[in-house]
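please find the sequence and the predicted model below.
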Amino acid sequence: MAIADFSKEGSPRLSPRLSLPVALQRINGACLQRFSHNAEILLDARSPEAVHAARVALRQLRTALDNFKDMLPQAEFRIFRQRLRDMASLLGEVRDLDVILERMVPNTMHDRLLAERENAWEVLEAELRSGAAQRLSDELTHWLRQGRWRRDPAVRLQRNQALTPFAARLLDRQVRKLGKHGKHFRKLDDDGRHRLRKDAKRLRYSAEAFAALFPAKGGTRRKFLTALREFQNRLGDLNDRRIEREHMSAEASPDAPLAPQSWLGEQGDMIDAAARSWKRLKHAKPFWK
């Protein structure tokens with residue numbers, strides 16, 4: 001069974017005539033379909049690619065809920081968002097250990113991390129086999145389709161906004177926030193780059209979800225999304241190395257496979273590559289303008 005992700009499956013089927021509630025339903029359906037597809041793979045085989053794709057699908061869904069939260073009841077919104085976060089955290093435990101172990105040579109630390117990963121896999125598989133993920137999917141889908149919020153007069157104005165201008169305003173805010181946090185890119189520390197990476201992910205998932213609402217003129221949409229994905233991936237590589245360093249520090253032993261000096265040299269090269277990607281993204285024209 002092939003891995004399902006956003007780049008392979010494409011954006012959800014959105015059009016300017018859709019209402020905001022229906023647009024959110026469609027994004028929810030597309031994300032949950034990708035998550036369920038990859039969860040099925042994980043029940044048959046321990047696939048790192050399926051772990052990553054399932055985790056991304058949940059992150060895309062959390063981003064969508066954030067984007068539409070002004071028309072959603074806040075108590076229920078927070079509950080569903082936390083449940084999605086908890087499920088993604090189980091996937092994240094496995095994924096982080098996979099990334100670290102991929103670069104390690106066999107030694108005592110490697111063996112300890114292998115045991116941690118085995119435990120993380122067992123916890124994830126037990127959760128998936130329990131039906132918790134399916135219940136979450138069913139309950140969230142029902143709430144978005146038939147929840148009382150859809151008839152609540154208090155959020156009528158938010159619900160009745162035209163979809164395309166709503167998406168354009170949202171993307172404008174997100175790209176401004178990204179620019180603000182990345183203004184002095186080379187001066188950012190690990191925490192600053194981590195915050196910028198989250199901004200980039202949020203913008204990427206939003207831009208991909210809403211892409212079909214805007215004409216693909218002269219390759220503008222493709223160029224912007226390509227530059228954004230590349231920048232996010234560069235920041236993701238840096239974040240993977242940060243997680244690796246933190247694990248190495250926590251599990252310090254005489255036979256650690258990577259010395260701090262090698263980390264610093266590699267990090268410098270990766271920051272240079274990310275800075276070049278950041279420059280290309282800043283020169284890419286937003287396709288919703």
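Perfect, thanks for sending it.

can you give me the distance of Trp149 to Arg13?
23 Å (CB to CB, to the nearest Å). From N, CA and C alone the C-beta is placed, and that goes for glycine too.

the two: who's more crowded?
Trp149 (18 against 12; other CB atoms under 10 Å).

residues making contact with stretch 71-81?
20-21, 62, 65-66, 69, 136, 139-140, 143, 147-149, 152, 155, 158-159 (CB atoms under 8 Å, 6 or more residues apart in numbering).

chain center to that stretch, what's the gap?
19 Å (CA atoms, centre = their mean, to the nearest Å).

can you show me the CA trace of that stretch as PDB?
Only the C-alpha atoms of stretch 71-81 are listed here, as PDB (Å, rounded to 0.1, in the frame of the first residue of the first chain):
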ATOM      1  CA  MET A  71     -16.400  30.100  14.100                       C
ATOM      2  CA  LEU A  72     -16.000  27.100  16.400                       C
ATOM      3  CA  PRO A  73     -17.000  26.700  20.000                       C
ATOM      4  CA  GLN A  74     -13.800  27.200  22.000                       C
ATOM      5  CA  ALA A  75     -14.300  24.400  24.500                       C
ATOM      6  CA  GLU A  76     -15.000  21.700  21.900                       C
ATOM      7  CA  PHE A  77     -12.300  23.200  19.700                       C
ATOM      8  CA  ARG A  78      -9.700  22.800  22.500                       C
ATOM      9  CA  ILE A  79     -10.700  19.300  23.300                       C
ATOM     10  CA  PHE A  80     -10.500  18.000  19.700                       C
ATOM     11  CA  ARG A  81      -7.200  19.900  19.100                       C
END
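
give me the secondary structure label for Leu14.
coil (DSSP: H, G, I helix; E, B strand; the rest coil).

quick one, what contacts the closest residue to Glu230 other than its chain neighbours?
Leaving aside its chain neighbours, Glu230 sits nearest to Ser277 (4.9 Å; criterion: CB to CB, 6 or more residues apart in numbering). The contact partners of Ser277, by CB under 8 Å, 6+ apart, come to Ala227, Glu230, Phe231, Arg234.

now the last one: closest residue in space that isn't a chain neighbour?
In this case it means Arg234. Per CB to CB, 6+ apart, closest to Arg234 is Ala274, 3.8 Å.

give the buried residues for the helix or strand the one you found falls within.
Using DSSP states H and E, Ala274 sits in helix 260-282. If you call a residue buried by 16 or more other CB atoms under 10 Å, then helix 260-282 has these buried ones: Gln267, Met270, Ile271, Ala273, Ala274, Ser277, Trp278, Leu281.
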